[in-house]
Structure formats: structure tokens, C-alpha cells
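*Asks:* got a structure for you, letters missing:
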């Protein structure tokens, strides 16, 4: 469990810093430069993500069950994760209707992904993992809203079509193969 918690801390401390302590970020950027900030941010986040995956795989089989997910949870998760893949695949160069409506597709996509997984998993390892991402997305979305949302102007449905196609393809690959390979858990229950 220690590897898992360390991974969560390494991943979320850099992510929460700009949201909750913007002065700290600006101070660090002023002293070391934006490039070094981005490099350190990326390396620490990647190290955290790797530790999260390995820690979750180790801890999940022994994690206590906190609640029983609803019987419809798996079906809801399938839909929410597909929406997440579509949002994460969304090009931003020529805004379509999805970007105009959603404004922050990565945040909303991760929100759906984490909320969906909480509907399908009731063990403590999953609650810590997906709950941390859920809290982060909600906090970040509130922060973005307070700063002022971007005002995307609709240009073309092209990015919507790309997102639907690419997101669906990536979702299929992930559900049919990659999720089991990466995490040892089949979303299809096979």
C-alpha cells in the first residue's frame, strides 16, 4: 500500500499545486523557469503514475471491500468511460460543438472516468484511486470556473467527428485488450 500512496502523492501534489497554491507555482516558475517547471512537473507526475499503477495492482487484491457497487454500475461505467475516451480524443484546433459545450474536455473526461469506476468498484484501493481523481477534477473545474472559462467559438463539426471516431476506436482497444493487459482486470468480466 505504501507504493500506492506514494504514487498518489507524487502524482497529485504537482497537479494540486497550481489549483490550490497558484502563488507557489508562480514562485517556482520565476526561480527556475517555465521549462524546468514543466519538466519537473512531467517527471514527478510520470513517476507518480507508474507507482500508482504498480501500487494499485499490488494493493487491490488485499484491499477491504467498503461498499457493494450497484448492479447497474458496470453498465454505467462502460458508457461513462466511452464518453471519457471521446472527450480525451477531442482536437482543439477547430472547435466543434462538444468543445463549445464542455469547455474543458480533459477535466470532464477524467471526471466521467473516475465517477464511472466508483460505480463499478467498491474496494478501498479503487476508492482511493478514483476518488482522488474525482476530487481533483471537481477542484480543478471550480478553479477554472472562477478564473473564467474559455470562450470557444464553433468552427466545424470536424473535431467532433474525429473525437467520436478516435475515442470509440481507443475505447474498443482498451476494453477488449489493453485494460486487462495493463491492470489485470477485464472490464468485460471475462
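*Replies:* Arrived safely. In this text the structure is predicted, and so the values were computed from the model without any measurement.
*Asks:* residue ranges of the helices in the chain, please?
*Replies:* With helices called from DSSP state H, the chain shows them at 2-20, 22-32, 34-59, 73-88, 97-102, 105-120, 124-147, 158-173, 179-183.
*Asks:* who wins for proximity to residue 67 among those?
*Replies:* helix 124-147 (8.3 Å; CB to CB). C-beta here means a position set from N, CA and C on the backbone, and glycine is covered the same way.
*Asks:* helices and strands around that closest one, which ones?
*Replies:* helix 2-20, helix 34-59, helix 105-120 (3 or more CB pairs under 8 Å, 6 or more residues apart in numbering; DSSP states H and E).
*Asks:* ok, and what's touching that helix?
*Replies:* 4-5, 8, 12, 15-16, 19-20, 52, 56, 59-60, 63-66, 103-104, 107-108, 110-111, 113-115, 117-118, 121 (CB atoms under 8 Å, 6 or more residues apart in numbering).
*Asks:* filter these to the buried ones?
*Replies:* By neighbour count, with 16 or more other CB atoms under 10 Å, the contacts of helix 124-147 hold 4, 8, 12, 15-16, 52, 56, 59-60, 63, 103-104, 107-108, 110-111, 113-115, 117-118, 121 as buried.
*Asks:* which residue is nearest the centroid of the protein?
*Replies:* residue 110 (3.3 Å; CA atoms, centre = their mean).
*Asks:* how does the chain divide into domains?
*Replies:* Following automatic domain parsing, the chain resolves into domains at 1-62, 65-190.
*Asks:* Mean pLDDT added to those domains, as CSV?
*Replies:* Converted to CSV, those look like this (pLDDT from 0 to 100):
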stretch, mean pLDDT
domain 1-62, 90
domain 65-190, 92
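*Asks:* and residue 185, what is it in contact with?
*Replies:* residue 179.
*Asks:* From residue 45, how far off is residue 16?
*Replies:* Plainly put, residue 16 is 11 Å away from residue 45 if you go by CB to CB, to the nearest Å.
*Asks:* Turn the helices and strands packed on helix 124-147 into TSV, columns for distance to residue 78.
*Replies:* Below are the helices and strands packed on helix 124-147 laid out as TSV (distance: least, CB to CB, whole Å):
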stretch	distance to residue 78
helix 2-20	25
helix 34-59	20
helix 105-120	8
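*Asks:* who wins for proximity to residue 82 among the ones you listed?
*Replies:* helix 105-120 (8.9 Å).
*Asks:* Quick check: which of the helices of the chain is buried the most?
*Replies:* Of all the helices of the chain, helix 105-120 carries the top mean neighbour count, a mean of 21, counting by mean count of other CB atoms under 10 Å.
*Asks:* which residues are contacting it?
*Replies:* By CB under 8 Å, 6+ apart, the list of residues contacting helix 105-120 reads 69-70, 72-74, 76-81, 83-88, 90, 92, 98-99, 102, 126-127, 129-131, 133-134, 136-138, 140-141, 144.
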